[in-house]
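Participant: 3D model of this:
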Amino acid sequence: MATEDKNRATAAAILPLVGGAANVSSVVHCMTRLRLGLHDRSLVDDEALKALPAVMGVVEDDTYQIVLGPGTVARVTPEFEQLVREGREAAPEPATATDTTTAAELAAQGAAIKAARKAKNATPFKLFLRKIANIFVPLIPALIGCGIIAGLNGLLKNLGWLTSVTPALGAMASGFMALIAVFVGYNTAKEFGGTPILGGAVAAIIVFPGVADITAFGQKLSPGQGGVLGALGAAVLAVYVEKWCRRWVPEALDVLVTPTLTVLISGLVTIFGLMYVAGEVSTAIGDFANWMLSNGGAGAGLVLGGFFLPLVMLGLHQALIPIHTTLIEQQGYTVLLPILAMAGAGQVGAALAVYLRLPRNESIRRTIKSALPAGLLGVGEPLIYGVSLPLGRPFITACVGGAFGGAFVGFFNQLGSAVGSTAIGPSGWALFPLLDGNHGLGTTIAIYAGGLLVGYLAGFVATYFFGFSKDLLAEFNVSQEPAASAVAATGTPAAPVTDPAREPARA
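Facilitator: Numbers count the residues shown, from 1 in each chain. Purely as a prediction, here's the structure:
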């Protein structure tokens, strides 16, 4: 089957299971997930979605998120959008929920946890963090592409190869980062309800070379001072100024006066206030990150690696995105991401232990076998929501694995070997092409690989020996073959990748 046909087939399989085109209010995607706004959540057939070969899992948050994996999601989304448009033009009746479901209590348990988490996350502060994430997530593909080119360029320079090409590669790698403030300003204004181009225009002041001739707080400004944080603040201010103007400026003058006042007022505040303040904050963030790992070392890595997944469960991890971006802007890489990536290594190790501890549970073992490759590449949702989180205790032991992996990388940071990533988004093995540090690529790769191995091992050992109580083993280490045979006999599609649990998991 051609790639285009395969992607369209995936989109066509998903659409009726989310209630049809009439039930879809919005369609966007991030690095790994198709994010859908839905009119009626009850029309979604979760189990049938999870049973689709291309679907790694589903996550319910402020949007309904279908995990398709990196690369795939970017190809399926345009096909899905096209099908939605075609469906709306045909004015279909809203689909009804299908009866083709399976009794997957473990999956239901995971869904219940996610639903509870969603309710807890619907606070003003967490909703604000989601807005911040929505500003930076669209920038991740460019950060990844430019980061890989930067790594390739550094390698060629160190080897002395293709000296006539490396300047061009350097321009490709650095061009986006030089103007990232503009993109942040554009997305910020869009997310906060303003005119995107005005947000970009105000943020562009920050990177304009001419600001070097301006003095604020007794100091000469420098182009880029304040970075993405300054751009974020400038664009938010521009949105509020624009909204004020829309309320008070007569309609006849709006097209002339509102853009002018928005750029003028926001620009002056940015130049004579925000650039300096944001510059000091950005510098403090960089200094604190370096100090924390230089002095805290293994202890800091232990905390960061061990508590990252709980932060994700609470929705607080989104606050780290502008911090990562600020560090990349300042130092060329973020030293935090490789440590946080160890949380995924702990999940992989825990999943392997669950696989061995439940030899009779064919369904959970199928889940792990299908989700493990994605987990190794840093896509952890299928393992988290399909295995460790519903089981309870294995989620905690997976965090222990992440803590040990983070401690390993943090220890080497304390010894002076910084391990960083030139972009955000990828994790696991997918992070290798983006690694950078202060002691050469070979050393950086070796430390990161060592951290992954420690995370795998610690997560495995902790889960194998401490991840199951006797009651939990008795409940889950049972054969599902009869149920599977019954399903096959009725002609119903195979059960989704998660396994049924007869009662809530006991710790």
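Participant: Strands of the chain, residue ranges please.
Facilitator: Applying DSSP state E to the chain gives strands spanning 24-29, 33-38, 57-60, 64-67, 215-216, 219-220, 419-421, 435-437.
Participant: From the contact counts, what lies against the third one?
Facilitator: If I follow you right, that is strand 57-60. helix 46-51, strand 64-67, helix 105-121, helix 381-383 (3 or more C-beta pairs under 8 Å, 6 or more residues apart in numbering; DSSP states H and E). To be clear about C-beta, it is placed using only N, CA and C from the backbone, and glycine gets the same treatment.
Participant: among these, which gets the worst mean confidence?
Facilitator: In terms of average pLDDT, helix 105-121 trails the rest of the helices and strands packed on strand 57-60, at a mean of 56.
Participant: tell me which residues of stretch 139-149 are tucked away?
Facilitator: Using 16 or more other C-beta atoms under 10 Å as the test for burial, stretch 139-149 gives 139-140, 143-144, 146-149.
Participant: swap in stretch 411-424?
Facilitator: Across stretch 411-424, burial judged by 16+ other C-beta under 10 Å covers 411-414, 417-424.
Participant: try stretch 164-178
Facilitator: Neighbour counts over stretch 164-178 (16+ other C-beta under 10 Å) mark 166, 169-170, 173, 176-177 as buried.
Participant: And for it, what's in contact with it?
Facilitator: Applying C-beta atoms under 8 Å, 6 or more residues apart in numbering, the contact partners of stretch 164-178 are 142-143, 146-147, 149-150, 152-153, 156-157, 183, 207, 224, 328-329.
Participant: Contact partners for the residue most central in space within the chain?
Facilitator: Nearest to the geometric centre of the chain sits residue 425, at 5.6 Å (C-alpha atoms, centre = their mean). Applying C-beta under 8 Å, 6+ apart to residue 425 gives the contacts 31, 140-141, 143-144.
Participant: Which among the strands of the chain is found nearest to residue 339?
Facilitator: Closest of these to residue 339 is strand 419-421, at 8.0 Å (criterion: C-beta to C-beta).
Participant: which strands and helices sit next to the closest one?
Facilitator: Judged by 3+ C-beta pairs under 8 Å, 6+ apart, strand 419-421 is in contact with helix 320-331, helix 337-340, helix 393-414, strand 435-437, helix 441-466.
Participant: let's go with 10 Å and repeat that
Facilitator: helix 140-159, helix 320-331, helix 337-340, helix 393-414, strand 435-437, helix 441-466 (3 or more C-beta pairs under 10 Å, 6 or more residues apart in numbering; DSSP states H and E).
Participant: orientation of the longest one relative to helix 393-414 in degrees?
Facilitator: Inter-element angle recorded for helix 441-466 and helix 393-414: 150 degrees (by axes from the mean of the first three to the mean of the last three C-alpha atoms, to 10 degrees).
Participant: I'd assumed residue 15 was in contact with residue 88.
Facilitator: No: the criterion here is C-beta atoms under 10 Å, and residue 88 misses it with residue 15 at 11.4 Å.
Participant: Which one of these two is surrounded by more residues?
Facilitator: For residue 88 and residue 15, the more surrounded residue by other C-beta atoms under 10 Å is residue 15, and the numbers stand at 21 against 13.
Participant: Show the contacting residues for residue 248.
Facilitator: 254, 257-258, 261 (C-beta atoms under 10 Å, 6 or more residues apart in numbering).
Participant: So which of these is surrounded by the most neighbours?
Facilitator: Highest count within these by other C-beta under 10 Å belongs to residue 258, 20 neighbours.
Participant: The closest residue to that one other than its chain neighbours: neighbouring residues, count only.
Facilitator: Nearest non-adjacent residue to residue 258, counting by C-beta to C-beta, 6 or more residues apart in numbering: residue 245, 4.1 Å away. Here the number of neighbours of residue 245 (other C-beta under 10 Å) works out to 18.
Participant: Residue 254 versus residue 245, what's the distance?
Facilitator: Separation of residue 245 from residue 254 (C-beta to C-beta, to the nearest Å): 7 Å.
Participant: and what of residue 339?
Facilitator: Using C-beta to C-beta, we find residue 339 at a distance of 50 Å from residue 254.
Participant: Out of the buried residues of stretch 411-424, the closest to residue 63 would be?
Facilitator: Using C-beta to C-beta, residue 424 is the member of the buried residues of stretch 411-424 that lies nearest residue 63, at 20.2 Å.
Participant: Adding distance to residue 457, write the buried residues of stretch 411-424 out as JSON lines.
Facilitator: Below are the buried residues of stretch 411-424 laid out as JSON lines (distance: C-beta to C-beta, whole Å):
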{"residue": "411", "distance to residue 457": "16"}
{"residue": "412", "distance to residue 457": "17"}
{"residue": "413", "distance to residue 457": "20"}
{"residue": "414", "distance to residue 457": "21"}
{"residue": "417", "distance to residue 457": "21"}
{"residue": "418", "distance to residue 457": "24"}
{"residue": "419", "distance to residue 457": "19"}
{"residue": "420", "distance to residue 457": "24"}
{"residue": "421", "distance to residue 457": "22"}
{"residue": "422", "distance to residue 457": "27"}
{"residue": "423", "distance to residue 457": "27"}
{"residue": "424", "distance to residue 457": "26"}
